[in-house]
Structures are given as C-alpha cells and as structure tokens.
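[1] I would like the atomic coordinates for the input below:
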Amino acid sequence: MNVLEAIANRRSIRRFTTEVVSEENINTLLKAAMAAPSAGNEQPWQFIVIDDKKLLEKTAKLSPYIGMAAKSPLSIMVLGDRSVEKYPGNWMLDCSAAIQNLLLAAHSEGLGAVWCGLWPEEDRVNAARSLVNAPENVVPLAVIVLGHPDQDLQAQDRFDATRVHRNTW
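    Residues are numbered from 1 along each chain as shown. Predicted structure coming up:
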C-alpha cells in the first residue's frame, strides 16, 4: 500500500476481534511513530503499550469516548515529555505527528485503530497519568485503541474545495 492509498483509505475503527496484536506489529507501529518530525528534533514522545485486560478496562473509563478499549486487545497511550522540550508547547504537535504515523502504520499492517484524545481535558489527563503512574512532567495526550478490525468501513473522499484559499482568505 502506498502512502496516498493509506491516507485515503484509513478509517477510525472501533470494533476489534479478540486476536492478539503481535510484538512484531507493535514494534512496527512504535518505529513508525518515532519516525515523525518534531520541533528541534526533540522527540518528546513516550508510549505506554497496554495489553493487560484489567488495565484496558480501566483505560476505557478515562473518557466517554474510549469505551471500546475494554474490548480491544491493545491500546497505546501517547504522552508528551515536557522535560525534553527545546521549544515549549510543541510537544502536542510533535506527539500528534507521531500518532498520525502510528495510525497509518496500523492501517498498512491490516490493523484497525482509533485516536482517542485525553488532552487538554485536565480531569482525563490527570486520571490517565495516575492510571499509568506517569511523572508530573509527562502529559497523556491520547490513547490509540488498536486491534484486528471487526468492521469494514469504506473510504470517504473528504476533500472540500470550499476549505481551500489561495494567497489570502
């Protein structure tokens, strides 16, 4: 699958089979995430791979939008480490680029995934930090719920020419 196909066909998948995601797949996803660009090459990301069933059930309670984590075989929490920031505030942009790479890699590997945000909701951030024992300087940005898809969503052409401006508004 080429990159443009992956971008055009990737969809947010929220239903998964019980099949375990291989360590090889997990490493592929994390390598793709860590290949993302970052401000000053600071690479402020941290990742917590969650495959413990009880912890996945607790993860599902972090937000009203992460319920599918309880029935998934895997989630990856993406966190920004503010202690390595060269350019304060860019951790969120950098980690978001890593997430997009991870989502595209999951799709290319035949996996399904959905990006579930935590930040900037302080209660969700604090609950997530507590759940995974993250230090105070590390900010939980999102949970990516992953697995082998148990749904088949069709690609959608989302191009909207009314959102494109040239040179000025």
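
[2] Would you map the helices across this protein?
    Assigned by DSSP state H, the helices in the chain fall at 3-9, 23-34, 53-59, 91-108, 122-132.

[3] At the geometric centre of this protein, which residue sits there?
    The chain has residue 144 as the residue nearest its centroid, 3.7 Å off, counting by C-alpha atoms, centre = their mean.

[4] For that one, give me the pLDDT.
    Reading off the confidence values, residue 144 has pLDDT 98.

[5] relative orientation of the longest strand anywhere in the chain and helix 122-132 in degrees?
    Assignment by DSSP state E gives strand 138-147 as the longest strand of the chain. Interaxial angle, strand 138-147 versus helix 122-132 (axes from the mean of the first three to the mean of the last three C-alpha atoms, to 10 degrees): 80 degrees.

[6] And strand 138-147, how far out from the chain middle?
    In terms of C-alpha atoms, centre = their mean, to the nearest Å, the gap separating the centre of strand 138-147 from the centre of its chain is 5 Å.

[7] For residue 127, list the residues it contacts.
    For residue 127, the contact set (C-beta atoms under 8 Å, 6 or more residues apart in numbering) comprises residue 62. C-betas here are computed from N, CA, C, even on glycine.

[8] Look up how far residue 77 lies from it.
    Using C-beta to C-beta, to the nearest Å, residue 127 is found at 12 Å from residue 77.

[9] what do you get for residue 43?
    Residue 43 is 17 Å from residue 77, where distance means C-beta to C-beta.

[10] The two - which one has more neighbours?
    Taking neighbours as other C-beta atoms under 10 Å, residue 43 and residue 77 compare with residue 77 leading, 23 against 18.

[11] So that one sits against residue 47, correct?
    Yes - with contact defined as C-beta atoms under 8 Å, residue 77 and residue 47 form a contacting pair (7.0 Å).

[12] Can you check the pLDDT for residue 32?
    98.

[13] before we move on, back to that, tell me what the residue nearest to the centre of the chain is bridged to.
    Taking DSSP bridges as the rule, residue 144 bridges to residue 76, residue 115.
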